[in-house]
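Undergrad: Could you look at this predicted model? Sequence included:
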Amino acid sequence: MKISASIYSDKKRPLTEVIHDLMDHQVDLLHVDCNDDLSVFDDIKSIREFCDIPIDLHIITEEPSKYYQLLEENPVEYITFQYEDLKEPLVIPDSVPGKRGIAVVTPTSVSIFEEYKEFDFILIMATIPGQSGGKFDIVNFGKIRSFRNQYPGKSIHVDGGVNAEVSFILRNMGVTSSVSGSYLFNASSIGNALMNLQSREVESHFEVKDFMVPLDESPVVLASELSLESVLISIDAGKLGFTLVTDTSGMLRGLISNADVRKGLLRHLDDLNTISGQELINTNPVCIREDDTVLTLLQMIKKSTFPIMYLPVVNSAGNAKGIVTFVNLIKGEL
């Protein structure tokens, strides 16, 4: 996951000094907030004279059209307009280069992206725009998951409240880029903050239930309806390489993965019709509790003697509550 440094969050130093510090630490992107202020482009011109780090420009304005010529004359790599402030249609000319995104605040549904399907990414504002140091709103974990499901080919950027723990969760969810401002510049050093944002060692404040895929979005087969066909249909529909098995009360009875199906087929090559769904179940899968912390999750993964790509999530009674998968983690690191 790329880190986009919010350059105006450092109020103590001249902008040139801030940019050189970010260059020395090889930050991925420079996040430039433009609250309907055309003079921001003077800073962009100045930065371009000595720095080639990609610029991530976020514009809040009622009239996006007044920025088009400036964007043509001062190309940036990423251009985002804030959805809620728009008072005119957002039709960016083809002559404006750069990847295009639309930003939404927490109360706004990601379904508005349907109006901008030709855009490259969405920017999810996880705190109040313009309010430095805000706390990440956990509602946005659900928004990220919803957007990923609706638009799997699009990128997700996040701005607001990203600390080391949130950064790990976002990477696990396949987020492409996160904006860091106060966390980055209030640390003992930018290098230390960047290391924390990319670390696997994190303090825990969020629980697994805050960011897991809930049960109603997970591949599940009822034990009473178990057959090779129902298992294959569930695994195929879930697109995760496995399915949970529960009883009618919601109790987790096990997990069936692609590997379990493959082993079952090998055992019955002479007559595939003799395969029973029951024999495919791993009745003792590694699970995580919904109230476990991110730190507990990481410790479990590290202690495992085999690679973990997904974990069923259960409550204290053993009822299935959802899943945590790691299939998006590699995407988030690209």
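TA: Happy to help now that I have it. Numbers count the residues shown, from 1 in each chain.
Undergrad: so the residue nearest the centre of the chain, which of the three states?
TA: Centroid check for the chain by C-alpha atoms, centre = their mean gives residue 175 as the closest residue, at 3.0 Å. Of the three states, residue 175 takes coil according to DSSP: H, G, I helix; E, B strand; the rest coil.
Undergrad: which non-adjacent residue is nearest it?
TA: Sequence neighbours aside, residue 156 is the residue nearest to residue 175 in space, at 4.9 Å (criterion: C-beta to C-beta, 6 or more residues apart in numbering). Just so you know, the C-beta spots here come from the backbone N, C-alpha and C atoms, and that holds for glycine as well.
Undergrad: got it, and residue 45?
TA: residue 74 (6.2 Å).
Undergrad: how close does that neighbour get to residue 16?
TA: 17 Å (C-beta to C-beta, to the nearest Å).
Undergrad: ok, these two, which is more surrounded?
TA: Set side by side, residue 74 and residue 16 show more neighbours around residue 74, with 17 against 14, by other C-beta atoms under 10 Å.
Undergrad: residues in contact with the more buried one?
TA: With contacts defined as C-beta atoms under 8 Å, 6 or more residues apart in numbering, the neighbours of residue 74 are 41, 44-45, 48.
Undergrad: what does residue 121 give?
TA: 78, 80, 99-101, 154-157, 176-177.
Undergrad: closest to residue 307 among these?
TA: Nearest to residue 307 among the contacts of residue 121: residue 176, at 23.9 Å, using C-beta to C-beta.
Undergrad: Nearest residue to that closest one in space, please, no chain neighbours.
TA: Counting by C-beta to C-beta, 6+ apart, the residue nearest residue 176 is residue 155, at 4.0 Å.
Undergrad: One more: residue 59?
TA: According to C-beta to C-beta, 6+ apart, the nearest residue to residue 59 is residue 34 (4.5 Å).
Undergrad: And that neighbour, which helix or strand is it part of?
TA: strand 29-35 (DSSP states H and E).
Undergrad: helices or strands up against the helix or strand that that strand is followed by?
TA: Where DSSP H and E defines the elements, the next helix or strand beyond strand 29-35 is helix 40-48. Contact analysis of helix 40-48 by 3 or more C-beta pairs under 8 Å, 6 or more residues apart in numbering; DSSP states H and E lists helix 15-24, strand 29-35, strand 55-60 as its packing neighbours.
Undergrad: Can I get the host helix or strand of residue 260 in PDB, CA atoms only?
TA: Using DSSP H and E, residue 260 sits in helix 258-267. C-alpha atoms of helix 258-267 as PDB (Å, rounded to 0.1, in the frame of the first residue of the first chain):
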ATOM      1  CA  ASN A 258     -10.200 -26.400  -2.600                       C
ATOM      2  CA  ALA A 259      -7.500 -28.700  -1.200                       C
ATOM      3  CA  ASP A 260     -10.100 -30.700   0.800                       C
ATOM      4  CA  VAL A 261     -12.100 -31.200  -2.400                       C
ATOM      5  CA  ARG A 262      -9.100 -32.200  -4.400                       C
ATOM      6  CA  LYS A 263      -8.100 -34.800  -1.800                       C
ATOM      7  CA  GLY A 264     -11.700 -36.100  -1.900                       C
ATOM      8  CA  LEU A 265     -11.600 -36.500  -5.600                       C
ATOM      9  CA  LEU A 266      -8.300 -38.300  -5.500                       C
ATOM     10  CA  ARG A 267      -9.700 -40.800  -3.000                       C
END
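Undergrad: and that helix, how far out from the chain's middle?
TA: Centre-to-centre, helix 258-267 and its host chain are 33 Å apart (C-alpha atoms, centre = their mean, to the nearest Å).
Undergrad: And the next helix or strand past it?
TA: Beyond helix 258-267 toward the C-terminal end (DSSP H and E), the next one is strand 288-289.
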